[in-house]
Structure formats: C-alpha cells, structure tokens
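Asker: need a 3D model of the sequence below.
(2 chains)
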Amino acid sequence: MKRPDRIDWIWLALLAATATTWWLGEHPGATPGTPMACVVLALAAGKGVLIVRDYMELRHAPALWQRLLLGWLGLTTLILLVATVWPR
Amino acid sequence: MPSDATAALPGPAPAQQRLVGDLVVWLLVLAELLTFGILFASFAVTRVRERALFAAGQATLDLSSGAINTVLLVSASWCVARSVHAVRADQSRTGARWLLGALTSGCGFLVLKTVEYVHKWNEGIDVAENSFYLLYVMLTGFHFLHAAVGCILFAVLWQPTRRGAYGPGNCHALETGAVFWHMVDLLWMLLFPLVYVLR
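Answerer: Modelled structure (predicted):
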C-alpha cells in the first residue's frame, strides 16, 4: 500500500482539529469564554491556512494570491474574535 | 558558455510559481470570500447586540451534525485533491474514483444539511422567526447552494476524468473544479465555529 503523503496528513490534521472544536463545543465548561474563543478560532484559522496553502496549492502560486486569501482569513478571524470577546 | 537568456533568469523557474485552475474561478473565489466575510461579520456583530437570543438559537442547533458536516466537507476536499494528483500522475481511472469519493462526501453534506433544515421547518421555525434564524439560514443556505454547485461540478467532471480526457499537463478543468470546492470548504471552516460553537 502506498505511503501517506502530505495531502493525507493534512486531511488527518483537519479531522483532528474538527474533533477538538466539537469537543470544546460539547464541553463549554471545560474552558472559560475568551480562551475557548481564541482556541476555537485559532483551530479554524489553522485549518484555513492548510486548505489555502496545500489543497488550493497557493504555496506554489504567485505570492499575491496567497497574501490575498490568507489576508482575508486573518482579517475575518480577527473580526470574529473581537466580536466574540466583546464585553457584554 | 551560457546564453544571455539563461543568465537573465534568476530565482525560481516560472513553472514553480503556478496558479492552478482558471483565473476566472480565482476571481470568483475573491468575490465569494468578500461576500461571505460581510455575512460572517454581520452575524458576529448582531450577536454582540442580541447575546441571549443568539445563545437560545444556537442551543436549538445540533453541534454533532455540524461537526459531521465538517468531516464530510474536508473529506471531499481530500478526495478531490487526491483526484487531481492521480490525474497528474496519468492515472485517470484512479482519479475518477477519488472524484466519485468527493461527490459522495459532498452529497452526504447536502443530505445532512437538508435534514437539518427540514427538522427546523417541522419545529415551526423559519427565517422570519428572529434575527438569529434569518442570519443562520442566509449564511448556511448560501453556503449550501455553493456546495450544491460544487457537487454538480464533480458530477460533470467525473465522466471525462474516467475516460482519460485529462492527464499530466492537461487537467485545467479538474483543477478549476477542485479550487471551487476548496473555497466551499474554506468558508465552512469559519462558518462552523461561528454558528455552532462560539457563544
């Protein structure tokens, strides 16, 4: 059987990050609000980076495209983080 | 003695810097990311103003169903990436099988999401219920339509892939379809925590 390569490991990493996010959502008492929001959004952004760089193959594309997509990802994640931890 | 043309080519070879797929799909990707970005921000900002309403609305959603949907989307992404790799290695039949896997996972997502919508509808909940459900249906419904288009692309690409119409150096259409699906997947990576997990 063929040995797993990079895109296989990335799929496993995406599954593991999804499972962690699900667990955090199912156990909201395990971590308080702001740290949980940071972890969940960091996992989401991390998954996004893997998809953009490896599955969309922007690692090998002109740098502008990678900057545009990762810039969108970073900015959107930041907006979601600020709105989530905004004082009640 | 090296020619002038060779000497004038510093840095990586042009082949190492390639945008896979059609430029049009990348422009579409940018437009869709901006549109969804505005929708994500609208959802997050409205939640700041209506915390209790959004918490109650989120409590009616099935987190496990959202997580399974995430697994189906990333699995479809993995399958289509594998399909592109197989076709580039001149293994069309293998590529077609991976594409079928992507189509199956994508359809699984559509079925599960439809079940969620029907369940909500049977509970008497619709978009006019409150701002949470309005934004929930807008966000997930718009994403659902993109996933449906992605599945149609997989179905359309399957037959030519199977009969070997694409190969090394000639899989532009397959790469374009793959990029579109990866965008659908990327959007869900933020949509899932925003709607189902964050409070």
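Asker: okay, now B:Pro168: neighbour count?
Answerer: Residues near B:Pro168, counting by other C-beta atoms under 10 Å in any protein chain shown, number 10. Glycine gets a C-beta too; all of them are placed from N, C-alpha and C.
Asker: quick check: it vs chain A, distance?
Answerer: 15 Å (C-beta to the nearest C-beta, to the nearest Å).
Asker: which residues touch that residue?
Answerer: By C-beta atoms under 8 Å, 6 or more residues apart in numbering or on different chains, the contact set of B:Pro168 is B:Val87, B:Arg88, B:Ala89, B:Asp90.
Asker: what backbone torsions are found at it?
Answerer: phi -60, psi 130 (degrees, to the nearest 10).
Asker: now do the same for B:Gly124: helix, strand or coil?
Answerer: The three-state label given to B:Gly124 by DSSP: H, G, I helix; E, B strand; the rest coil is coil.
Asker: need phi/psi at it.
Answerer: phi 80, psi 20.
Asker: most neighbours, which of the contacts of B:Pro168?
Answerer: That'd be B:Val87 among those, by other C-beta under 10 Å, with 27 neighbours.
Asker: just checking, it is part of a strand?
Answerer: No: assessed by three-state DSSP, B:Val87 does not belong to a strand; its assignment is helix.
Asker: please name the nearest non-neighbouring residue to it.
Answerer: Once flanking residues are discounted, B:Val87 sits nearest to B:Gly95: 3.9 Å by C-beta to C-beta, 6 or more residues apart in numbering or on different chains.
Asker: residues contacting that neighbour?
Answerer: B:Ser83, B:Val84, B:Ala86, B:Val87, B:Thr161, B:Tyr166, B:Leu174.
Asker: same thing with B:Val184?
Answerer: B:Leu73, B:His143, B:His146, B:Ala147, B:Gly150.
Asker: what would those look like in TSV with distance to A:Leu43 and secondary structure?
Answerer: Compiled in TSV, the contacts of B:Val184 are given as follows (distance: C-beta to C-beta, whole Å; DSSP: H, G, I helix; E, B strand; the rest coil):
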residue	distance to A:Leu43	secondary structure
B:Leu73	15	helix
B:His143	19	helix
B:His146	22	helix
B:Ala147	21	helix
B:Gly150	23	helix
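Asker: pick out whichever of those residues sits closest to chain A.
Answerer: B:Leu73 (9.2 Å; C-beta to the nearest C-beta).
Asker: all set now, cheers.
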